[in-house]
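>>> Sequence and predicted model, in that order:
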Amino acid sequence: MSIQLSDVLQGKKTVALGGHIRPDGDCVGSSLGLYIYLKEQYPEVETDVYLEEIPESYQMIHGTDAVKHNIPEGRQYDLFICLDCGDEMRLGFSEPLFQAAKETFCIDHHVSNRAFADKNYIVPDASSTSELVYRMLDKEKISLYTAEALYMGIIHDTGVFQYSCTSPETMEAAAELLRKGVDGNKIIDKTYYEKTYIQNQILGRALLESILILDKKCIVSSVSKSEMEFYEAKPSDLEGIVSQLRLTQGIEVAMFMYELETRQFKVSLRSQGKVDVSTIAQFFGGGGHKRAAGFTMKGTSHDVINNVGARIVLQLDRKDNL
């Protein structure tokens, strides 16, 4: 199934774009890629993009200075496009705009998405929301700035084309974006691999303090609120830690958590494939993909480990008995 952007915009004069809280590379890439395309190809349509604070490394992408972090009181748009977000509650501060819009449209690739908008373009097998946005656009009209944003989104949600979600279509899309003049190496280095000193410090601590549980089939690490304050780290500084934990030899699941507020943790899960972490995340009110998912849980770090560990064991035991 493919949806054309021109059909979605039929009769629309005002459009708002919004992504999930704590925006990652794909959320930023898909939102800005679509925003730039709309500005360039549909100047008659008033378009605004709403996202939380964008991590500094992503600010090399054109258009980040146009992102709005507050919503105007009483504003109603003809269309609200929700990107890379499986639940309207995860829109955060822009949710009121979604609720007030005359029509809503969701573009997403999370298997846990329940098609909550008026119209939905949800493809769980797609590598990223950025790839889905690419499919919707007139390829001849994609500018360098749009291509850079979408390329960044694709490389982040594919782990630079390493994850199983990377399909031949993904590689073809990336190739076409590179042909627009994108400096792929620069985007990969600056937004994916390069780390600040603070990021390396807290990564080192997370690795050093990690533990193995469930007969060494699961690796777990956590960072408390006080530790984040000590390192002066923001949530965006913790990106990539769970993926690094997943590389540990012999483990099936990696779990990383950090304290949002006292006894409230943001939990990220990564799987080697044997465990479907999206079902675990959904059980605790979150969502994601089979190999990458997340949710928020209240309690101590030990509470989180015990509760999540019990769900992991159920799947491991089931697979071991097959």
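That came through, no problem.

>>> now the strands for the stretch 1-150 of the chain?
14-19, 46-50, 79-83, 104-108, 119-122 (DSSP state E, counting those that start in this stretch).

>>> Mind listing the strands the fourth one pairs with, and their directions?
Strand 104-108 has these partner strands in its sheet, going by DSSP bridges: strand 79-83 (parallel), strand 119-122 (parallel).

>>> Tell me the bridge partners for the closest residue to Leu238 other than its chain neighbours.
Nearest residue to Leu238 in three dimensions, chain neighbours excluded: Tyr258, at 5.5 Å (Cβ to Cβ, 6 or more residues apart in numbering). All C-beta atoms are positioned from the backbone trio N, CA, C, and that covers glycine. Tyr258 has the following beta-bridge partners by DSSP bridges: Val223, Lys266.

>>> residues contacting Tyr258?
222-225, 228, 235, 238, 265-266 (Cβ atoms under 8 Å, 6 or more residues apart in numbering).

>>> if we go to 6 Å?
Applying Cβ atoms under 6 Å, 6 or more residues apart in numbering, we find Tyr258 in contact with 223, 238, 266.

>>> Against Ser30, how distant is the second one?
What it means is Leu238. Computed as Cβ to Cβ, to the nearest Å, the Leu238 to Ser30 distance reads 21 Å.

>>> The two: which is more packed in?
Between Leu238 and Ser30, Ser30 has the larger neighbour count (other Cβ atoms under 10 Å), namely 32 against 21.

>>> okay but that one is in contact with Leu132, surely?
No. Using Cβ atoms under 6 Å, Ser30 is not in contact with Leu132, being 7.6 Å away.

>>> any residues touching stretch 22-42, and which ones?
Here stretch 22-42 makes contact (Cβ under 6 Å, 6+ apart) with 17, 19-20, 47, 49, 51-52, 54, 58, 61, 63, 83-84, 128-130, 133, 137, 141, 143, 145-146, 149-150, 152-153, 156-157, 235.

>>> what mean pLDDT would you report for that stretch?
Mean pLDDT, stretch 22-42: 97.

>>> can you give me the offset of the longest helix seen in the chain from its chain's centre?
Using DSSP state H to assign secondary structure, the helix with the most residues in the chain is helix 301-320. Computed by Cα atoms, centre = their mean, to the nearest Å, the chain-centroid distance of helix 301-320 equals 24 Å.

>>> helices or strands up against that helix?
strand 218-223 (3 or more Cβ pairs under 6 Å, 6 or more residues apart in numbering; DSSP states H and E).

>>> Give me the helices and strands touching the strand it packs on, please.
Taking 3+ Cβ pairs under 6 Å, 6+ apart as contact, the helices and strands that strand 218-223 lies on are strand 211-213, strand 253-261, helix 301-320.

>>> which parts of the longest helix of the chain are buried?
For helix 301-320, a neighbour-count test (16 or more other Cβ atoms under 10 Å) marks 301, 304-305, 308-309, 311-313, 315-316 as buried.

>>> returning to that earlier point: nearest to Asp276, out of the helices and strands packed on strand 218-223?
helix 301-320 (6.7 Å; Cβ to Cβ).

>>> quick one: the closest one to strand 218-223, angle?
In terms of direction (axes from the mean of the first three to the mean of the last three Cα atoms, to 10 degrees), helix 301-320 departs from strand 218-223 by 160 degrees.

>>> got the CA coordinates for helix 301-320 in PDB?
This file holds the C-alpha atoms of helix 301-320, laid out as PDB (Å, rounded to 0.1, in the frame of the first residue of the first chain):
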ATOM      1  CA  SER A 301      15.100  -0.200  39.500                       C
ATOM      2  CA  HIS A 302      14.800  -3.600  41.200                       C
ATOM      3  CA  ASP A 303      11.000  -3.500  40.700                       C
ATOM      4  CA  VAL A 304      11.500  -2.900  37.000                       C
ATOM      5  CA  ILE A 305      14.100  -5.600  36.600                       C
ATOM      6  CA  ASN A 306      11.900  -8.200  38.400                       C
ATOM      7  CA  ASN A 307       8.800  -7.300  36.500                       C
ATOM      8  CA  VAL A 308      10.400  -7.100  33.100                       C
ATOM      9  CA  GLY A 309      12.600 -10.200  33.800                       C
ATOM     10  CA  ALA A 310       9.500 -12.200  34.500                       C
ATOM     11  CA  ARG A 311       8.000 -11.400  31.000                       C
ATOM     12  CA  ILE A 312      11.300 -12.200  29.300                       C
ATOM     13  CA  VAL A 313      11.500 -15.600  31.100                       C
ATOM     14  CA  LEU A 314       8.100 -16.500  29.800                       C
ATOM     15  CA  GLN A 315       9.300 -16.100  26.200                       C
ATOM     16  CA  LEU A 316      12.700 -17.700  26.700                       C
ATOM     17  CA  ASP A 317      11.100 -20.800  28.400                       C
ATOM     18  CA  ARG A 318       8.500 -21.100  25.600                       C
ATOM     19  CA  LYS A 319      11.200 -21.000  22.900                       C
ATOM     20  CA  ASP A 320      13.500 -23.400  24.800                       C
END
